[in-house]
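*Asks:* Let me see the structure of the following:
(one chain, ligands or ions: 1)
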Amino acid sequence: MLYCVMMDVNVPADIDPAELAKLREAEKNRAIEMQKSGKFVHLWRVAGRPANISIFDCESNDELHDLLSSLPMFPYFSIKVVPLAKHPSSIK
Ligand SMILES: O=C(O)C[C@H]1C=CC(=O)O1
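*Replies:* Residues are numbered from 1 along each chain as shown. As a prediction, this is how the structure comes out:
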(Lines give C-alpha, C1' and ligand atoms only; values in the text may rest on other atoms or scores of the structure.)
Protein backbone atom coordinates (compact mmCIF):
# COMPACT_ATOMS: atom_id res chain seq x y z
CA MET A 1 0.00 0.00 0.00
CA LEU A 2 1.22 3.46 -0.82
CA TYR A 3 1.13 6.33 1.64
CA CYS A 4 1.89 10.02 1.15
CA VAL A 5 3.57 11.24 4.33
CA MET A 6 3.97 14.93 5.14
CA MET A 7 6.36 15.84 7.94
CA ASP A 8 6.95 19.22 9.52
CA VAL A 9 10.22 19.31 11.44
CA ASN A 10 9.97 21.19 14.75
CA VAL A 11 13.37 21.06 16.43
CA PRO A 12 13.43 23.14 19.65
CA ALA A 13 15.40 26.39 19.19
CA ASP A 14 17.45 25.70 22.34
CA ILE A 15 18.66 22.20 21.39
CA ASP A 16 22.42 21.69 21.87
CA PRO A 17 24.06 22.12 18.42
CA ALA A 18 26.31 19.06 18.90
CA GLU A 19 23.28 16.96 19.88
CA LEU A 20 21.39 18.25 16.82
CA ALA A 21 24.30 17.39 14.50
CA LYS A 22 24.36 13.82 15.92
CA LEU A 23 20.59 13.53 15.54
CA ARG A 24 20.70 14.74 11.90
CA GLU A 25 23.46 12.25 11.07
CA ALA A 26 21.52 9.38 12.66
CA GLU A 27 18.37 10.55 10.85
CA LYS A 28 20.15 10.58 7.49
CA ASN A 29 21.59 7.10 8.02
CA ARG A 30 18.21 5.64 8.98
CA ALA A 31 16.48 7.38 6.05
CA ILE A 32 19.07 5.94 3.63
CA GLU A 33 18.61 2.45 5.14
CA MET A 34 14.81 2.70 4.74
CA GLN A 35 15.14 3.93 1.14
CA LYS A 36 17.45 1.02 0.30
CA SER A 37 14.85 -1.40 1.75
CA GLY A 38 12.38 -0.18 -0.88
CA LYS A 39 9.82 0.93 1.74
CA PHE A 40 10.72 4.64 1.56
CA VAL A 41 10.13 5.23 -2.14
CA HIS A 42 10.42 9.02 -2.49
CA LEU A 43 11.72 11.80 -0.23
CA TRP A 44 11.36 15.44 -1.16
CA ARG A 45 12.14 18.65 0.70
CA VAL A 46 9.27 21.18 0.67
CA ALA A 47 10.93 24.25 -0.82
CA GLY A 48 11.38 27.03 1.69
CA ARG A 49 10.16 25.10 4.76
CA PRO A 50 11.66 22.68 7.29
CA ALA A 51 9.32 20.00 5.97
CA ASN A 52 9.30 17.03 3.66
CA ILE A 53 6.86 15.02 1.60
CA SER A 54 7.51 11.36 1.01
CA ILE A 55 5.97 8.21 -0.37
CA PHE A 56 6.11 4.95 1.59
CA ASP A 57 5.23 1.50 0.27
CA CYS A 58 4.17 -0.60 3.29
CA GLU A 59 2.17 -3.74 4.05
CA SER A 60 0.00 -2.09 6.69
CA ASN A 61 -0.67 0.99 8.81
CA ASP A 62 1.25 -0.73 11.61
CA GLU A 63 4.32 -1.21 9.42
CA LEU A 64 4.19 2.45 8.37
CA HIS A 65 3.95 3.53 12.00
CA ASP A 66 6.90 1.30 12.96
CA LEU A 67 9.03 2.77 10.16
CA LEU A 68 8.13 6.38 10.95
CA SER A 69 8.68 5.96 14.66
CA SER A 70 12.09 4.37 13.99
CA LEU A 71 13.38 7.69 12.61
CA PRO A 72 15.63 9.25 15.29
CA MET A 73 13.97 12.66 14.87
CA PHE A 74 10.43 11.22 15.16
CA PRO A 75 9.77 13.08 18.47
CA TYR A 76 10.28 16.37 16.59
CA PHE A 77 7.93 15.67 13.67
CA SER A 78 4.32 16.65 13.11
CA ILE A 79 3.18 14.01 10.64
CA LYS A 80 0.17 13.76 8.35
CA VAL A 81 -0.47 10.55 6.44
CA VAL A 82 -2.64 10.20 3.34
CA PRO A 83 -3.30 6.60 2.24
CA LEU A 84 -3.27 6.40 -1.56
CA ALA A 85 -5.71 4.39 -3.68
CA LYS A 86 -5.60 3.77 -7.41
CA HIS A 87 -7.18 6.55 -9.47
CA PRO A 88 -9.55 5.19 -12.15
CA SER A 89 -8.06 7.55 -14.77
CA SER A 90 -4.45 6.69 -14.02
CA ILE A 91 -2.64 4.89 -16.84
CA LYS A 92 0.00 3.48 -14.45
O1 LIG B 1 13.11 16.47 6.44
C2 LIG B 1 13.81 16.38 7.43
O3 LIG B 1 14.75 17.14 7.68
C4 LIG B 1 13.56 15.25 8.41
C5 LIG B 1 13.94 13.98 7.85
C6 LIG B 1 13.12 12.88 7.46
C7 LIG B 1 13.94 12.03 6.82
C8 LIG B 1 15.23 12.61 6.77
O9 LIG B 1 16.24 12.15 6.28
O10 LIG B 1 15.23 13.83 7.35
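
*Asks:* and this protein, which residues reach the ligand?
*Replies:* Counting by C-beta under 6 Å from any ligand atom, the chain comes close to the ligand at 7, 9, 27-28, 31, 52, 71, 73. Yep, even glycine has a C-beta here, placed from its N, CA and C like the rest.

*Asks:* Sort out for me which of these are in strands.
*Replies:* Within the residues of the chain next to the ligand, residues falling in strands by DSSP state E are 7, 9, 52.

*Asks:* circling back: of the residues of the chain next to the ligand, just the buried ones, ChimeraX syntax please.
*Replies:* Remark: buried members of the residues of the chain next to the ligand, expressed as a ChimeraX selection using 16 or more other C-beta atoms under 10 Å:
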select :7,27,31,52,71,73
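
*Asks:* got JSON lines for the residues of the chain next to the ligand, with pLDDT and distance to residue 44 too?
*Replies:* Shown next, in JSON lines, are the residues of the chain next to the ligand (pLDDT from 0 to 100; distance: C-beta to C-beta, whole Å):
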{"residue": "7", "pLDDT": "98", "distance to residue 44": "11"}
{"residue": "9", "pLDDT": "97", "distance to residue 44": "13"}
{"residue": "27", "pLDDT": "98", "distance to residue 44": "16"}
{"residue": "28", "pLDDT": "98", "distance to residue 44": "15"}
{"residue": "31", "pLDDT": "98", "distance to residue 44": "12"}
{"residue": "52", "pLDDT": "98", "distance to residue 44": "6"}
{"residue": "71", "pLDDT": "98", "distance to residue 44": "16"}
{"residue": "73", "pLDDT": "97", "distance to residue 44": "17"}
